[in-house]
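> Got a predicted structure plus its sequence, pasted below:
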Amino acid sequence: MDFGQIAVSVGFLLILIGVWGILTQKNIIKIVIGFSVFDTGLHMIMVGIGYVKGGTAPILDGAIAPGTAPINIVAGIVDPVPQALVLTAIVIGLGVTALMLAYVVRLYEDRKSLDISSYEDLKW
Amino acid sequence: MVNLILINPIYIIGIGLGTAFLLGFFKKGKSVAWALMLAALAVMTYISFTWLWSFIFNGQLPEQVYTAGFKPPFSINLLMGKSEAFFTFLISFVGFLGGIYLFDKLKEQGTHAISVYLILIMGLNGIVMTRDIFNLFVFLEIASIATAGLIVLTPDIKAFSAGFKYMIASGLISGFLLIGIIFAYYFGGTLNIDFLIQADLLAVKGGVFAVFLIIIALLLELKPFPANGWGIDAYEASPAGINAVISAASAGAVYYVLSKVLPIADAKWYTVTAVVGMITFLGSNLMGIKQADAKRMLGYSSVGQVGLLLVFLGLSKQLGINFEFIVFGIIISHYLAKAGLFWLAGIVKTGKLKEWGILRRKPVLVFFMGTFIFALLGLPPFPSFFAKWTLVMTLSAAGMNLWVGLILLGSLVEAIYLFRWLGYTVKLDDNKELSLSTPLYKTIPVWVFGLLTYYIGYLSSTMVPGGSSLSMFYIPLAFVGVLFIVDKFLPVLIKNTVSIAAMAYYGWYYMADLTEFRMLFAIIFIGGGIITLIAGYAKNGKRIGFYPFAMMMYAGLAGLLLSENILQFFISWELMTLGSYILILRGKKSMPHALSYMLFSLGGAFLILAGLGLAYASSGANSISLDILKNVNQYSGLIYAFLAVGFMTKTAAIGLHIWLPGAHAEAESDVSPMVSAILLKAGMFGLVVLMLSMGSQSLGGVSLPYLLGWLGAITAILGNIMAVFQEDAKRLLAYSSVGQLGYVVFAMAFMSHLGWLTALAFALNHFVFKALLFLAIGGVVMRTKTKTMYEMGGLIKRMPFSFISVLIGIIALSGLPPLTGFAGKWLSYNAVIEKGWYFQGFLVSIAGLVAFLYCFRIIHVIFLGQPKDKFKNIKEAPLPMLIAQYILIGAIMLFSIMPNMVLKPVGDFLIQYFPDGALQWQGGTAISRLGRWSGVAIMNITMGIFGIIFVWLLFISRKAVKVKPFNIFYSGEAPSRPELTHFGYNFFAPYKKAVGFLVQPLVTRFWYGLADILHSISDLVRRLYNGNGQTYAFYVIIFMVVFSFFTIGG
């Protein structure tokens, strides 16, 4: 098992934990935390998938000898695309978490309750 | 066409994003920020417009837009093709109008809200254009976060809880989408959608996992039933202005995304998509039935419409070349109508459907509401009609009858709640405590979309196969349109005169060349139309909303006769239904009856549509001429049955009749004759076309005409028995129409010369005497203000002319010599004996006897007996109504003396269809195989006998004492239920005891029971949506699990 596989496996585990939290926790702040865990797992999968065994960071610095043929550079670094993607995903995750927490604040201000079943006004 | 300068589509994104950031500088100047946002949206709309224009008119080719100086797959690229131009235009345009509409809300919430709104529109544009799947994810997130923000534009607790639920579900969904994308990258080596399609993920081991997650996530974004509670709650909570954008723009955008990503999967996934769509379409519309809140109901309807689009997408291969046209028609109708309805919901403010009566303060808005509802349901002349038509024809040709059936069923369910809502709006109380403010910024968007609905409808009509033949509707519909425009300004006198002149001219110019059946029905439809309109002079004021719809109905009726192909025929049928629905709805207490009329009519129309589709397919799918009915190769029994039942919803055969009594009785006094004497004949005309084209067919070994014969006979007897027990004069006449049309169906089922002669002659007679009776009784009702017979009485002295009308009418109706009805009877007995259907014939002749009872009752109770005090000074019916009646009496007299005037020409053209057993004529005497009969002789004999008896009666009653009201008294006691003391109440009680069991409202109970079951199911299923965000999230997961069984599991 290399780093990549470990990261992917742990990522899936975190996603499961996150989904479990979202589906079972009654406290809305815990639900938001569930989302954070879910997102973290997701990010780990993304990074893990781009991992190349023995590869270095996809930055052309001292780790890669000057003058290496491009084809060898590709073999020597991890895939940069998922790394770029994960940055975007983190930002989006942050936005979502912030917005959800903002809602939690407003909901709590109104009803003084953090239980999700207190907010079932709209139904059927 | 004019060349427009094309602007790089990247500016759509750039301008949206740039302006949104720029708005941050205008925290104080909210109006400036709002104006800037609109300017940005206008430019974005214009950019898409230039592209759309070039694609349509200048043969523009799709163009790739590259970013960052690399070509894909090394950088993100956008595509601007025809579809992208279309969808981005729709999004920005509704964004622009919606921005105007939201003026007050956005200003209230300030610059941030304005930015978020702009970002939403920008994000949706990006979703449509991007060809990079991760970029797509980013835009989806932008759009969904912006949506979640806008849900709380009116910040109350409901909005926040709905927003939170929305975030939970959409967060989960986008998480799964992201996993799918990253694995697609892993297995496919690229993020570019086109390259992913080429990479064929399903062929790679494990690739199916990526495909599964991407497609399920996109499907879930479209809110499939039942994993869509989060979306529905959001619809209920967010401001209507936002809903308009979400429903019109977001649904279109995400749908388009799915259609561009779905090619990464194979055929199985298409089928699953279609099934998911169908379940959503049916399920959501079922939920809609029990809704009492406008926005939530529209939310269900929106979700349902998107489901329908998914069906098309899933079946895109089977729909072939027609796919684009069908999707276009449905999407554009949904887009215009749903945005329009949500905007109206924002104007009305009150969520409760039963309080929508306040919208009547602005009749134009009610007009547009109707427009939008008709457009949603696919009635002509709106784009969705042409789409639905093409859809049914295409699917039928492909042999996919189950899909046709389910789509039509779903549409019917949708019609239930939308028409009920329209009924509430038109009929329920206008609650004075509620306010209705209609600032221009809120009405302009409604106007724009309302008018566009008509324009796009016109465009669609030119694009549909066979569309060139639709020019026949232009002149009548243009006339209807003009009537709508001037309706508010002109008095009845002018509108009535113009309408009569227009009908006369149209009949003379376009219909004078008609022959045979068509001529006969033209006399009924156009001639009858003119006569009933003459009665309309009795009305004062402006009668807003009457003439356009009456003319629409007549345009439909005329269209039926002029139709040469099934498309024209079906459009005419629908126009007639639509116009008559509104006419019926105008009556005082007609709300529930109009609804059931519309539902039965729509159900019937869908059967007709399905039947026509089958006929089209079975005759080779290469012609839409009406003649295809003569060339069907398979399913002939089914086609026959569908069409016959469809037509019989209009003739109100027993079982399908429950809408009729209420609809005809509650209608206005001159509308009743229109719908009862004229409109019913449209169903008969349909049967004529059907039976002459297809002859006799059988289904499951049973001859269908034989069944029709029984049905007609039973309808005749039961209709008449029910008429006998009515207390309400107009209901009595209405039930009598049920029975009489039963005769017609019975006689037509003979498929013999005499049978058809009977039916056609009777159709003409029935039109004359039923119009006469309804006009006469209508006049009485107008004066007495009651329809209940025992509340009248003794009116002969006050309303002698009406009395004579009714007298002539009932003699003609009951088939007594000397009037026309007798000719019909004589013919029908000849026909029965020839055919040998003795038992059915016996039933029908009993029905004739029963008719005597109600004829006697209606004239006796209303005109004879003691006059009531309150009617002592009552006036005769208005002159225009009497004129119309006496024209009809003239016609009855003429036919009675010279029956050969009608029977001979009708018989002459019947010979070519039924050569055997024609009547021989010697002057005015008809000779059949069984006997002879002369109208003049009968008239002389009868009048002679009548004269002798009349003189004798006068002689013996010269000493009779006249009874006055005060000769009758109650021994000083005031009866608690005064009607019990009236002889006219429960007039035929002994008969009721004897045969009342026959007319227990079994059929009514059946249909109401069905309605109850439907409502109960709806009520039961909607409890799935328990309002808990976690439950909704749970459904999302369950949906994924179930979906996985059918895609990767199997």
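Okay, I see it. Residues are numbered from 1 along each chain as shown, chains lettered A, B, ... in the order given.
> give the contact list for the nearest residue to B:Leu699 once chain neighbours are set aside.
Counting by CB to CB, 6 or more residues apart in numbering or on different chains, B:Gly637 is the residue found nearest to B:Leu699 once chain neighbours are left out, at 3.4 Å. No exception for glycine: its C-beta is placed from N, CA and C like everyone else's. Contacts for B:Gly637 (CB atoms under 8 Å, 6 or more residues apart in numbering or on different chains) come out as B:697-700, B:704.
> Against B:Trp837, how distant is B:Gly637?
Look at B:Gly637 and B:Trp837: by CB to CB, to the nearest Å, they are 21 Å apart.
> ranges for the strands of the stretch 851-1000 of chain B?
Counting by DSSP state E, counting those that start in this stretch, the segments of the stretch 851-1000 of chain B that form strands are B:920-922, B:925-927, B:932-934.
> go on, the stretch 701-850 of chain B?
For the stretch 701-850 of chain B, the strands defined by DSSP E, counting those that start in this stretch cover B:702-703.
> For chain A, what is the nearest residue in it?
B:Arg731 (37.5 Å; CB to the nearest CB).
> Please give the element, helix or strand, for the nearest residue to that residue once chain neighbours are set aside.
The spatially closest residue to B:Arg731, leaving aside those adjacent along the chain, is B:Ala665, at 4.3 Å (CB to CB, 6+ apart). Under the criterion of DSSP states H and E, B:Ala665 resides in helix B:660-666.
> helices and strands around that helix, which ones?
Counting contacts by 3 or more CB pairs under 8 Å, 6 or more residues apart in numbering or on different chains; DSSP states H and E, helix B:660-666 is packed against helix B:591-618, helix B:729-749.
> Quick check on residue 69: phi, psi?
You didn't say which chain, so I picked chain A. Backbone torsions for A:Ala69, taken as degrees, to the nearest 10, come to phi -60, psi 140.
> my question was about chain B
The phi/psi pair for B:Gly69 (degrees, to the nearest 10) is phi 80, psi 10.
> Give me the local confidence score for it.
Predicted confidence (pLDDT) for B:Gly69: 77.
> give me the number of residues near it?
7 (other CB atoms under 10 Å in any protein chain shown).
> Over to B:Ser170?
Neighbour tally, B:Ser170, other CB under 10 Å: 26.
> Grab the nearest non-local neighbour of it.
Using CB to CB, 6+ apart, the closest residue to B:Ser170 is B:Ser144 (4.6 Å).
> show me the contacts for the one you found.
B:166, B:170, B:174, B:221.
> Report how many residues lie close to B:Glu979.
If we define neighbours as other CB under 10 Å, then B:Glu979 has 13 of them.
> OK, contacts around it?
B:790-791, B:985 are the contacts of B:Glu979 under CB under 8 Å, 6+ apart.
> now it: how far from B:Ala994?
Distance from B:Glu979 to B:Ala994, counting by CB to CB: 22 Å.
> What of B:Val446?
B:Val446 is 59 Å from B:Ala994, by CB to CB.
> Just want to know which of those two has more residues nearby.
B:Val446 (27 against 10).
> Now the residue of chain A most remote from its centre. Its backbone dihedrals?
Relative to the centre of chain A, and counting by CA atoms, centre = their mean, the farthest-placed residue is A:Gly67 at 36.0 Å. Per-residue torsions, A:Gly67: phi 90, psi 0 (degrees, to the nearest 10).
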